[in-house]
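Enquirer: Just a sequence and a predicted model for now, questions to come.
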Amino acid sequence: MGRDGRGVRAVSDTSIEITFMYRGVRCRERITLKPSPTNLKKAEQHKAAIEHAISIGGFDYSVTFPGSPRAAKFAPEANRETVAGFLTRWLDGKKRHVSSSTFDGYRKIVELRLVPALGEHMVVELKRKEVRDWLSTLEVSNKTLSNIQSCLRSALNDAAEEELIDVNPLAGWTYSRKEAPAKDDDVDPFSPEEQQAVLAALSGQARNMMQFALWTGLRTSELVALDWGDIDWLREEVMVSRAMTQAAKGQAEVTKTAAGRRSVKLLRPAMEALKAQKAHTFLADAEVFQNPRTLERWAGDGPIRKTMWVPAMKKAGVRYRRPYQTRHTYASMMLSAGEHPMWVAKQMGHSDWTMIARVYGRWMPQGDNEAGLKAELAFSEKDKTQNAITIKEIANTKL
């Protein structure tokens, strides 16, 4: 009895549903009418009247369907909220629920990108095409495009939860463009010779901190947030649970992910650096590493670069790389030495080793001439008794 092709259909013995488009949203509303042929025809006429009112700008959702949940969304107050207004309100709410660095990233995207480009649009009328057309004009990397979309997508998800919009127009969609492969210098570890040259150019607390960084792989933000209470001398481990970014303005914050909260094994050079550092800050029982100029905790990687790192690199005659490359150096050393990628991933605060394989794959051993022999011996049908003996011999031999 239904007439689905005409946007009208029976949905129960007592009601008829009509479907129409309003402000880019597919709307479905029920009319309390028995779905007889006559009433279905009336419903079609009612739908046609609605579509005509929409076409001439005379449709008022709250008058036509006063009990509909959508009426509030299409009310004048909601219609007048611009993207700029909503994003400002959304940003204010986010401040209490994300880390300082994440909030600062959102703020820059909202204030410098989204509001200038899309701010005058009404939230309920923002379309994917408008976002795509704008993104296509930006001369930025795909990483920056992804960050912009991630911020806007998150905001529009919240708009959908507030029922300002029916569906997030960016849900399940990402805009990107073809670009040249990323340069290898994104991961540019220091060679053993370079490490020694840099450490030789440093002294005291600065040397201790950088030696510790090279042999633990901690992020710079994690390094400056360390307290002596985080060191487990008996287990020879350091518990990493906080980070301090420039945006945090001197306040340590919990790490962003569960994997980021971790125990890191202290290898011998890292332990040596800590023991040497004891003479400087241990008795105060607070931060492990201090800015030697102020004798206070480092405020972030900016001061480290300016007051200590850049001069040391120049003195050592080593090609400049940012301090974060100490983390990449740690990963490359561990993998080149044959340490298991999953162990390296956990040491560095990753939940699995997918990223380790993708970013540091070139430093992972590719196997040797005996690779595959264990599987061949284990599953071959020939002389399984002899194979079992051979497998045991291989297992006891360092390949």
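Expert: Now that the structure is in, tell me what you want to look at. On a predicted model such as this, the values are computed, not experimentally measured, just so you know. Numbers count the residues shown, from 1 in each chain.
Enquirer: only C-alpha atoms for contact and neighbour calcs from this point on.
Expert: OK.
Enquirer: domains for this structure, by residue range?
Expert: Structural domains assigned to the chain are 4-68, 83-161, 190-324, following automatic domain parsing.
Enquirer: List just the one of the ones you listed that sits closest to residue 168.
Expert: Proximity of the domains of the chain to residue 168 was assessed by CA to CA; the nearest stretch is domain 83-161, lying at 5.6 Å.
Enquirer: sorry, back to before: let's have the domains of the chain in TSV, adding mean pLDDT and distance to residue 173.
Expert: Conversion of the domains of the chain to TSV gives the following (pLDDT from 0 to 100; distance: least, CA to CA, whole Å):
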stretch	mean pLDDT	distance to residue 173
domain 4-68	90	18
domain 83-161	91	9
domain 190-324	89	25
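Enquirer: Would you convert those domains into a markdown table that also reports distance to residue 344?
Expert: Output for those, formatted as a markdown table (distance: least, CA to CA, whole Å):
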| stretch | distance to residue 344 |
| --- | --- |
| domain 4-68 | 49 |
| domain 83-161 | 25 |
| domain 190-324 | 9 |
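Enquirer: how about the ones you listed, which one is nearest residue 171?
Expert: Shortest separation from residue 171 across the domains of the chain is recorded for domain 83-161, at 7.0 Å, computed as CA to CA.
Enquirer: and the end-to-end length of the closest one?
Expert: 16 Å (CA to CA, to the nearest Å).
Enquirer: Of all the domains of the chain, which one comes closest to residue 360?
Expert: Taking CA to CA as the criterion, residue 360 comes closest to domain 190-324 out of the domains of the chain, the separation being 13.4 Å.
Enquirer: Quick one: end-to-end distance for stretch 214-232.
Expert: Distance between the two ends of stretch 214-232: 19 Å, counting by CA to CA.
Enquirer: I would like the residues contacting it, please.
Expert: The contact list for stretch 214-232 (CA atoms under 8 Å, 6 or more residues apart in numbering) reads 213, 237-245, 252, 264-267, 269-270, 282, 285-290, 297-301, 323-324, 326-331, 347-348.
Enquirer: returning to what we had before: compare the domains of the chain and give me the one nearest residue 176.
Expert: Between the domains of the chain, domain 83-161 lies closest to residue 176; by CA to CA that is 5.8 Å.
Enquirer: Tell me which stretches of the stretch 151-300 of the chain form helices.
Expert: Along the stretch 151-300 of the chain, the segments classed as helices by DSSP state H, counting those that start in this stretch run 192-200, 204-214, 220-224, 268-281.
Enquirer: For the second one, buried residues please.
Expert: Going back to what we said before, that points to helix 204-214. Along helix 204-214, the positions that meet the burial threshold by neighbour count (16 or more other CA atoms under 10 Å) are 205-214.
Enquirer: Which members of the residues you listed define the maximum pairwise distance?
Expert: Distances among the buried residues of helix 204-214 were taken as CA to CA; the most separated pair is 205 and 214, at 14.3 Å.
Enquirer: list the buried ones in stretch 41-50?
Expert: Under the neighbour-count rule (16+ other CA under 10 Å), stretch 41-50 has 43-44, 47, 50 buried.
Enquirer: ok, how many other residues are close to residue 227?
Expert: Applying the criterion other CA atoms under 10 Å, we find 20 residues in the vicinity of residue 227.
Enquirer: what about it, distance to residue 282?
Expert: With the distance defined as CA to CA, residue 227 ends up 9 Å from residue 282.
Enquirer: who touches both of the two?
Expert: Any residue near both residue 227 and residue 282 by CA under 8 Å, 6+ apart counts here, and that gives residue 288.
Enquirer: Can you verify my assumption that residue 187 contacts residue 326?
Expert: No - here residue 187 lies out of contact with residue 326, judged by CA atoms under 8 Å, at a distance of 10.0 Å.
Enquirer: between those two, who's got more neighbours?
Expert: The residue with more neighbours, out of residue 187 and residue 326 and counting by other CA under 10 Å, is residue 326; that gives 26 against 16.
Enquirer: helix or strand right after the helix or strand that one falls within?
Expert: Using DSSP states H and E, residue 326 sits within helix 325-336. Toward the C-terminus, helix 325-336 is succeeded by helix 341-348 as the next helix or strand (DSSP H and E).
Enquirer: In that next one, which residues are buried?
Expert: Applying a neighbour-count criterion of 16+ other CA under 10 Å, the buried positions in helix 341-348 are 341-342, 344-348.
Enquirer: can I get those in CSV with pLDDT?
Expert: CSV is the format used below for those (pLDDT from 0 to 100):
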residue, pLDDT
341, 90
342, 92
344, 92
345, 92
346, 92
347, 93
348, 92
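Enquirer: Quick check: closest non-adjacent residue to residue 54.
Expert: The shortest distance from residue 54 to any residue other than its chain neighbours is 7.2 Å, reached at residue 22 (CA to CA, 6 or more residues apart in numbering).
Enquirer: could the helices of the stretch 151-300 of the chain be laid out in a markdown table, adding distance to residue 27?
Expert: Converted to a markdown table, the helices of the stretch 151-300 of the chain look like this (distance: least, CA to CA, whole Å):
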| stretch | distance to residue 27 |
| --- | --- |
| helix 192-200 | 64 |
| helix 204-214 | 58 |
| helix 220-224 | 49 |
| helix 268-281 | 63 |
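Enquirer: Which one, of these, ends up nearest to residue 163?
Expert: Going by CA to CA, the one of those nearest residue 163 is helix 220-224, 38.1 Å.
Enquirer: Please enumerate the strands of the stretch 151-300 of the chain.
Expert: Listed from the start of the chain, the stretch 151-300 of the chain has strands (DSSP state E, counting those that start in this stretch) covering 231-232, 237-240, 242-243, 253-254, 262-265, 290-291, 296-297.
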